[in-house]
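>>> model this:
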Amino acid sequence: QVQLVESGGGLEHTGGSLSLSCVGSGQSISTYNMGWFRQAFGKEREFVATISRSGGSTSYADSVKGRFTISRDNAKNTVYLQMNSLKPEDTAVYYCNARDLVISSWGQGTQVTVSS
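Predicted coordinates:
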């Protein structure tokens, strides 16, 4: 089972940008559909974006469409989330997810805080 470690979170002002990374270890991520989810304080975890195994297909939550971009580099065993035009409502812990028909693996999360 692949282990995932997120990085790149931090504090940013409204309108700013952050880039998150998720590095896999123990197994290649190339066999997994990869996704980003987030959980704000006191709320349930929600879907942000997903990318297919080859990277040819992506999907986004309506709340981030046009502002966030998910990508992957299977050679580096890494998935990225580029976040532009950040809003205070983007404040959350962001989690990386790897899934196939049997397994769903999660990272430990990275905090993103957007100040108004």
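
>>> For Ser116, see how far away the spatially most central residue of the chain is.
Geometric centre of the chain, nearest residue: Trp36, 2.9 Å, by Cα atoms, centre = their mean. For Trp36, the distance to Ser116 (Cβ to Cβ, to the nearest Å) stands at 23 Å. C-beta: built from backbone N, CA, C; applies to glycine.

>>> Please apply the same query to Ile51.
Taken as Cβ to Cβ, the span from Ile51 to Ser116 is 30 Å.

>>> Show me which of the two is the more surrounded one.
Ile51 (23 against 8; other Cβ atoms under 10 Å).

>>> just checking, that one touches Gly35?
Yes - contact status for Ile51 versus Gly35: in contact at 7.2 Å, counting by Cβ atoms under 8 Å.

>>> Which neighbours do those two have in common?
Common neighbours of Ile51 and Gly35 (criterion: Cβ atoms under 8 Å, 6 or more residues apart in numbering): Ile70.

>>> so where does the closest residue to the residue nearest to the centre of the chain other than its chain neighbours fall, helix or strand?
In this structure, Trp36 finds its nearest non-sequential neighbour in Val48, 4.3 Å apart by Cβ to Cβ, 6 or more residues apart in numbering. According to DSSP states H and E, Val48 maps onto strand 46-51.
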